[in-house]
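Novice: Here's my sequence, what's the structure:
(chains A, B and C)
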Amino acid sequence: MPDGGIGAPTKRREDTRFLTGRGKYTDDFTPQNTSYCAFARSQVANGVIKSVDTSAAAEMPGVLATFTGEDFVEVGGNPAGWAIVSRDGEPMKEPKRPVLAHGKVRHVGDAYAAVVAETLEQALDAVEAIEADIDEQDAVTDMASAVAGAGSMVHDEIETNVCFDWGWIEDNRAATDEAIKNAPHVTTLELINNRLVPNALEPRASIGEYDPGTGDYKLTTTSQNPHLSRLLIAAFVLGIPENKLTVLAPDVGGGFGSKIYHYSEEALVLAAAKKLGRPVKWTATRTESFLADAHGRDHVTKIELACEKDGTFIAFRTETMANVGAYLSNFSTVTPTFLHGTLMAGNYTVPNVYVNVKAVFTNTAPVDAYRGAGRPEATYSLERVIDKCARELGIDPVEIRRKNFIKKDQYPYASAAGLEYDSGDYDTLMDGLEKVADFAGFEARRAESAKNGKLRGLGINAYVEACGIAPSNLVGILGARVGLYDAATVRVNPTGNISVMVGAHSHGQGHETAFPQIVADMLGVDPQSVDIVHGDTSKIPFGMGTYGSRSLAVCGSAVFRATEKIIFKATAIAAHMLEDKPENIEFNDGVFSIKGTNKNVGFGDVALKAYIPHDYPIEDLEPGLEETAFYDPANFTYPSGAYASEVEVDPETGKVTICSMVALDDFGVVVNPMIVTGQVEGGLAQGIGQALLENGVYDDTGQLLSGSLMDYAMPRADDLPNLVVDHSHATRCTHNPIGSKGCGEAGAIGSPPTIVNAVVDALSRGGHDVDHIDMPVSPSRVWAAMNK
Amino acid sequence: MYDFDLVIPTTVAEASTAMKADGAQALGGGQTLLPTMKQRLAAPETLVKLSGLSELVSVSTDAGALCVGGATTHGQVAQDGTDYPALAALAGNIGDPAVRNRGTIGGSIANNDPSACYPAGALGSGATIVTNTREIAADDFFVDLFETALEEGEIVTGVNFPIPDAANYQKFDQPASRFALVGVFVAKFGDTVRVAVTGASNGGVFRWSEAEAALSANFAADAIEGLAVDAGDLISDLHGTAEYRAHLISVLTRRAVQSC
Amino acid sequence: MPKITMNINGRETSAEVENRTLLSTALREKLHLTGTHIGCDTSQCGACVVHVNGKAVKSCTIFASELDGANIDTIEGQASPDGTLNVIQQAFQDHHGLQCGFCTPGMVMSAAALLKENPKPTEAEVRDYLEGNICRCTGYQGIVNAIMAASGQDVPSIAAE
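Specialist: Down below sits the predicted model:
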């Protein structure tokens, strides 16, 4: 076995370029003759566009072209990737999302015109010279008002602000209602899952290029998912054939969901590049990121938990309004439905689950998948209402969870929300948590905090989530408009080194280091001899990108399958070289040998033979050693975890300080534990950010009040404690060849309820009658709750 | 950002002359001005660079006062202003290290951001703001939100802070900007106590005279028991209601007194 | 346009800039030193931190035209010419102090400034010093560990396997 295979905490090879300033992000590319694009964005949330006059702008110095919504009337809209059917059987409402707003602007930041000029400053100057007559209408930003429909419609043509009214599982509705009606105890909780602005540190950017000599287009863009962008641009928006369009996603500075989607700016720079015959570049300012990136979360929820007096769960019933903003972003319809409703049984053997989700249009930025995407909303609702229930019944919060946990001998387990969990062991995770988080020492720490005038609380949480959304045949039935497999090509070069083309895209996840560990492990070669190629649609067979904690479980499995094919073919070549039959050949640690003999040939010699087939069974085997696999998972993977946090509340100011954050996760087989730990730590920070700091807030007129880093609080180093991460309690994923589950979102899913549970615990122990505080649990809100 | 003329004077006299031009504006460390210009919310025709003017960069103690040159960075005050520890601590907690390496006291005072720390330090200390033409008492200097007594073309050349017997600044961070959600500066000079509050009021920094009277009579945390600033005049925003800010003023004042 | 000369990473470098050209823009677009990143427009993210005359500053909040004659150090000048990482850079790799890499140049430059001022900071001092550098990926754990390690102090071993 070579060093650095599966399970090794290998240091990341990509770090060298990032640490020396040699990373190449989209804005770092400036092709010769580049021109610059700037957008005119609506300053009102809802308005009728009476006219947009770009004639003065067009005359400004350096201006090369101007565009308005009129220029894109004939091209298609940017579609939603998932068609949801309402409870009454009606398809969801899907108004067109044009490249540039036409007829109406629907949120602050909605782009209605664009300018391309020789320099960026010239483009910005010209944007100011665009004369737009926009008749401002009343905005609708609050979901309850939007659903009531008394005021404005975001899209007049659909005559409602409700995109869909979805029930899951509709057939379980009556039984769930009945169970709740007859239950000995029902706990009800109304809560808000706050809107988040993803704020990947690299703002979005796109460069369009067009070669008039060949008719080829090239889009360099900040994407988690370059093939999806190519597909949408080709099939829906601009109609450029895929063979004439290359989408490059070079180094990308974080995504967290916000860069999964195709955005209008990508289409515009391509159209402009064609018109001008020269490269067109657009780079967002942070302000534009706030206004025009897809946001996350934004649910208003009522959840009920029915149980026996002893805490045995009988039913969960959830009613949620999910804000989709002004337009349907690509994954906006699946996020609050199948990525949320299907998780509403949590880790528990509850028999009845029903979820109703209304997706609501408002005059706000589109809302779509953001790290966790639906699952944080599910876990937060469940784990908050369970905590409240435990408090009402006087049952220990650990005990009530254990009482209802699915036991380790019950897998595969069909949850009442329609998923089949393949593996897990929640009790063992909780056992581990009790030790690592030192529950036994809590009382002493609480007493110490009390001496300092602080209220200390302990919050715990259990979660299960679903990663690597699949399989394609099932998601197709449920409304997906794409398949959810992934692809990889393993190319063994003549001298034995290896290039692996993968459909996943790495923007912080360390694929360039981790994927070679799989190949090296299987082929018995040095991982350093394996390189990953990603983010270039011209080099990669196909791909569905990186999101939903899918890269290793889905694309990694494709790498695994392609490598198996390599071994199969190489075995045949080795058999020929060793003058025996393939079935008599075994392959271990990079060496093919005839079973039971010392006759053998190394992998490198086989690779060379494949490309120099002078003495080669050419009638049985093609030359070359390159294999492609498309992997379509049989199921989701189901990571799970148990988290704990201790917080201190300053009773005078309401300020919450996180004293400890402990995360125990079950990710199945871990390929690179260093990277996995980093993924969890990053997720924890985002979850803690949601719980304590971050809030995307619009006022009644649709202005984003937290529209800059001056008002949107991002977690900083001094907001966070030392994060304790442990993924030693693992149960193998049973259906993918690596045995891995997704790890990218866990931290962001598990931590918000942990923190809020801890704050409520601190206040309750401090004698305050507080059973819930909405996130972010800011000092002001805590103080208000204590002094209500 | 709109373009502008840049004047880099070598003396205060040159700077004063340059500031007489129409549309001229002083450029201190630029830590507030540049972001505003990037958003195209400010369009000065001429910027007169004051940072780096050696005449304006100094921290010294003279006649019981800490005298800070107008172009002295927050970082330097934090390091060299230790004769007035509360003020040095205030300066050392403005923004972040990179901001403190550029931002200047003159720039901060002249901007009079309602959430800035220095205005509380200056008003709480009863400082004197020295300009190229006159001296202005802090009580007269801070007029209103982003408004000071400075006249067109006037340059803050220094701020003289009388060093009190005891002083403390309590800053409660706004979590995003890390400016003060509320900041309270308490300074005790013999039997006289000054209390200046920043971050809280729609009118910018102000003195809490009730607390000053109570603390002048009895310099103890419980002396302000029962006193509260009227929430009606205070800022309410997504980070905190006016009532919360009023409450914080009391808490921070008490803590400042305890820390003196 | 005014021509300015700066010493960047030890080399005299001249560029023509407008008065309004930010140092970050000059570095990235005039001098092709794209390691310095722009992550925000309100001087908060710190991805653009460089050293000007030995002190950490946000290069997006200073005009290049103010800097004629200044010494500038950027991320590109931190490793040895042969690519060998310096102690801080190596610690970032060893302790997984970066993921997407976008904040990393600013983080490394801030860390260098911190360790120059305070060669043995406590963990709390490290966290406090990084107030002006935002990382969205790491939760700062690897960064804090890296800086502690670069200062020669023990840090918890990475990753519970």
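Novice: could you list every residue that touches residue 150?
Specialist: No chain in the question, so chain A it is. By Cβ atoms under 8 Å, 6 or more residues apart in numbering or on different chains, the contact set of residue A:150 is empty. Yep, even glycine has a C-beta here, placed from its N, CA and C like the rest.
Novice: Let me rephrase: I mean chain C.
Specialist: C:87-88, C:90-91, C:111, C:115.
Novice: go on, residue A:592?
Specialist: Applying Cβ under 8 Å, 6+ apart, the residues near residue A:592 are A:570-571, A:574-575, A:577-578, A:585-586, A:600-603, A:606.
Novice: Out of those residues, list just those in strands.
Specialist: Among the contacts of residue A:592, the residues falling in strands (DSSP state E) are A:585-586, A:600-602.
Novice: ok, back up a step: save the contacts of residue A:592 as a markdown table, and put in neighbour count and pLDDT too.
Specialist: Converted to a markdown table, the contacts of residue A:592 look like this (neighbours: other Cβ atoms under 10 Å in any protein chain shown; pLDDT from 0 to 100):
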| residue | neighbour count | pLDDT |
| --- | --- | --- |
| A:570 | 24 | 97 |
| A:571 | 18 | 97 |
| A:574 | 26 | 96 |
| A:575 | 22 | 95 |
| A:577 | 19 | 94 |
| A:578 | 19 | 95 |
| A:585 | 23 | 97 |
| A:586 | 14 | 97 |
| A:600 | 17 | 97 |
| A:601 | 20 | 97 |
| A:602 | 17 | 96 |
| A:603 | 23 | 96 |
| A:606 | 27 | 96 |
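Novice: and of the residues you listed, the nearest to chain C?
Specialist: residue A:603 (28.0 Å; Cβ to the nearest Cβ).
Novice: Any figure for the gap between the closest one and residue A:157?
Specialist: Distance, residue A:603 to residue A:157, using Cβ to Cβ, to the nearest Å: 62 Å.
Novice: From residue A:633, how far out is the residue nearest to the spatial centre of chain C?
Specialist: Most central in chain C under Cα atoms, centre = their mean is residue C:109, positioned 2.5 Å from the mean C-alpha point. The gap separating residue C:109 from residue A:633 is 43 Å, by Cβ to Cβ.
Novice: One more: residue A:376?
Specialist: 22 Å.
Novice: and the closest residue to chain C within chain A, what element?
Specialist: Closest to chain C within chain A is residue A:21: 1.9 Å, counting by Cβ to the nearest Cβ. For residue A:21, there is no host helix or strand (DSSP states H and E).
Novice: For it, list the residues it contacts.
Specialist: C:33-36, C:74-76, C:78, C:105.
Novice: just checking, which of the residues you listed belong to helices?
Specialist: With helices taken from DSSP state H, the overlap with the contacts of residue A:21 comprises residue C:105.
Novice: which outside residues touch stretch A:469-476?
Specialist: A:334, A:338-339, A:480, A:483-485, A:548, A:550, A:554, A:632-636.
Novice: can you do 7 Å?
Specialist: A:483-485, A:548, A:550, A:554, A:632-636 (Cβ atoms under 7 Å, 6 or more residues apart in numbering or on different chains).
Novice: Please state the mean pLDDT value computed over it.
Specialist: The average pLDDT for stretch A:469-476 rounds to 84.
Novice: Now do the buried residues in the helix or strand that contains residue A:388.
Specialist: Using DSSP H and E, the element containing residue A:388 is helix A:375-393. Residues of helix A:375-393 classed as buried: A:375-391, A:393 (neighbour count, 16 or more other Cβ atoms under 10 Å in any protein chain shown).
Novice: Ok, stretch A:684-704 next?
Specialist: A:684-698, A:702, A:704.
Novice: so who does the closest residue to chain C within chain B touch?
Specialist: The minimum distance from chain B to chain C, using Cβ to the nearest Cβ, falls at residue B:96 (2.6 Å). The neighbourhood of residue B:96, defined by Cβ under 7 Å, 6+ apart, consists of C:131-132.
Novice: again, only using 10 Å
Specialist: Each residue near residue B:96 by Cβ atoms under 10 Å, 6 or more residues apart in numbering or on different chains is listed here: A:716, B:103, B:178, C:43-44, C:46, C:49, C:56, C:58, C:110, C:128-133.
Novice: For residue A:549, which non-adjacent residue is closest in space?
Specialist: Among residues not flanking residue A:549 along the chain, residue A:742 sits closest, at 2.6 Å (Cβ to Cβ, 6 or more residues apart in numbering or on different chains).
Novice: Contact partners for the one you found?
Specialist: A:465-469, A:548-554, A:636-639, A:667-668, A:679, A:733.
Novice: residue in chain C nearest to chain A?
Specialist: Counting by Cβ to the nearest Cβ, chain C gets nearest to chain A through residue C:35 (1.9 Å).
Novice: That residue - how many residues pack around it?
Specialist: Using other Cβ atoms under 10 Å in any protein chain shown, residue C:35 has 27 neighbouring residues.
Novice: where does chain C have low pLDDT?
Specialist: Within chain C, the ranges that satisfy pLDDT under 70 run C:156-161.
Novice: domains in it, as residue ranges please.
Specialist: C:3-77, C:87-150 (automatic domain parsing).
Novice: and the shortest one, how far from the chain's centre?
Specialist: In terms of Cα atoms, centre = their mean, to the nearest Å, the centre of domain C:87-150 is set 10 Å apart from its chain centre.
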